[in-house]
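got a predicted structure plus its sequence, pasted below:
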Amino acid sequence: MQSEDKPQYATPYEWIGGEAKVQQLVEHFYDLMDLEPRYAALRAAHGSTLEQARQKLAWFLTGWLGGPQHYTDRFGHPRLRMRHMPFSIGIQERDQWLACMDQAMGDVGIDEALRERLRNSFFQTADWMRNVGA
Ligand code: HEM
């Protein structure tokens, strides 16, 4: 393994740059979702305001990356698939979520090696969230 594949960080949370960076990533993710026409189907799956989603995703990702468990402290087990059941999520929504997150990771300057790892992890999670056929 090359040295750049073995970062000197205990967790992806440290690697990404801690809470402020997670916050920045999530803010930019939802800003893009709100503004970019190519994420319109994804935006349409959400309610009129994204404020609750912003706060919850930032709390969730902080813990998911290995940082403080803000989300589970407040809401218990994430049960993400169950919590996404009210929304219609197919291939298009999954792919727009992943593209939006990938663009956000690029724009806020996530380390490329970490970005690649997260891209794979996000795919697994987003694909598991699908609850309609297409
Ligand atoms: C696959 C496409 C996805 C779609 C269309 C989608 C859509 C949504 C929507 C509409 C909400 C509700 C927002 C609100 O309360 O205002 C939500 C909540 C949430 N999403 Fe997603 N999501 C997707 C994938 C993901 C992924 C991959 C993750 C995690 C990596 C994630 C994490 C969350 C979390 C933590 C919440 C808050 C749940 C709660 O406590 O209510 N979502 N999502």
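Here it is on my side, so go on.

for the ligand, what are the nearby residues on the protein?
Residues of the chain lying near the ligand by C-beta under 6 Å from any ligand atom: 42, 45-47, 52-53, 56-57, 60, 75, 78, 80, 83-84, 87, 89, 93-94, 97, 122, 125-126, 129. (Each C-beta comes from the backbone N, C-alpha and C, glycine too.)

pretty sure residue 96 contacts residue 38?
Yes: counting by C-beta atoms under 8 Å, residue 38 is a contact partner of residue 96 at 7.3 Å.

settle it for me: which of the two has more neighbours?
Counted by other C-beta atoms under 10 Å, residue 96 and residue 38 do not tie: residue 96 has more neighbours, with 21 against 11.

what sits closest to the more buried one if chain neighbours are left out?
residue 42 (3.8 Å; C-beta to C-beta, 6 or more residues apart in numbering).

what's the helix or strand encompassing that neighbour packed up against?
Here residue 42, judged by DSSP states H and E, is contained in helix 40-44. Judged by 3 or more C-beta pairs under 8 Å, 6 or more residues apart in numbering; DSSP states H and E, the packing partners of helix 40-44 are helix 18-35, helix 91-107.

redo those helices as CSV? Include distance to residue 66 and mean pLDDT.
Formatted as CSV, those follow (distance: least, C-beta to C-beta, whole Å; pLDDT from 0 to 100):
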stretch, distance to residue 66, mean pLDDT
helix 18-35, 11, 98
helix 91-107, 17, 98
